[in-house]
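Asks: Okay, predicted coordinates and the sequence, questions at the end:
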Amino acid sequence: MATKDQLEVQVMAAQEMELAGKDPVSYEHEERKPVTETKEGDVTDEHMERGSFAETDEHTGVDTKELEDIAADVKEDLAAKRKRIEKVAKACSEIKNRIKNVLRTTQLKRQKRDYRISLKLPNVLEEFITDEQKDEEGEGEKEEQIKIFQEQQKRWQQDGKGTERD
């Protein structure tokens, strides 16, 4: 709990720095001393390598239990985030698969419909053509009937004129 309180205090201080117009990251580093610094100076061996936390523990008084608690909290948070991301990824893949299935079924329905229509099309065209031919023939017959009627009228008119003379 103490580490969480410290983290909250640091976060609030960083937010105050941002509001004040200062860079909270650079200010934070200026205020802190590196972990490897001791009262006597920098803890490095003769090869200029820094020592582990266990070695610096004796010199600086850093509480490794606190650091381990923070690390454990960070690991837990990362594990929880990882699980959430996996759940979201799984849900996305399920939705993607559903969409693919819907698209597949609609495409199959469309193909079946188009196939049925393509089978019916020649018959419909043939019926249309025969109907058109009948209409043309019907027009021809009408014209012939009109001609016959006109000829009959002429004959009647001529017959009527011929009977008047007699």
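Replies: Structure's in. What do you need?

Asks: Next up, identify which helix or strand residue 15 is on.
Replies: For residue 15, the enclosing helix or strand under DSSP states H and E is helix 2-20.

Asks: quick one: low-confidence parts of this protein?
Replies: The chain contains residues with pLDDT under 70 at 1-2, 18, 20-62, 162-166.

Asks: Looking at it, which helix is longest?
Replies: helix 64-165 (DSSP state H).

Asks: Just name whatever secondary elements that one is in contact with.
Replies: Other helices and strands packing on helix 64-165, by 3 or more C-beta pairs under 8 Å, 6 or more residues apart in numbering; DSSP states H and E, are helix 2-20, helix 53-60. Every residue, glycine included, has its C-beta placed from N, CA and C.

Asks: how much does the first one deviate in direction from helix 64-165?
Replies: What that stands for is helix 2-20. For helix 2-20 against helix 64-165, the angle by axes from the mean of the first three to the mean of the last three C-alpha atoms, to 10 degrees is 60 degrees.

Asks: who's in contact with residue 151?
Replies: Not one residue lies near residue 151 by C-beta atoms under 8 Å, 6 or more residues apart in numbering.

Asks: and residue 128, how many neighbours does it have?
Replies: Look at residue 128: counted by other C-beta atoms under 10 Å, it has 10 neighbours.

Asks: let me redo that: residue 133
Replies: A count of nearby residues for residue 133, using other C-beta under 10 Å, gives 10.

Asks: if we can go back for a sec, can you pull the buried residues of the helix holding residue 15?
Replies: For helix 2-20, a neighbour-count test (16 or more other C-beta atoms under 10 Å) marks 3, 14, 17 as buried.

Asks: from these, which is closest to residue 159?
Replies: residue 14 (122.3 Å; C-beta to C-beta).

Asks: Which strands and helices lie in contact with the helix holding residue 15?
Replies: For helix 2-20, the elements it packs on are helix 24-31, helix 64-165, judged by 3+ C-beta pairs under 8 Å, 6+ apart.
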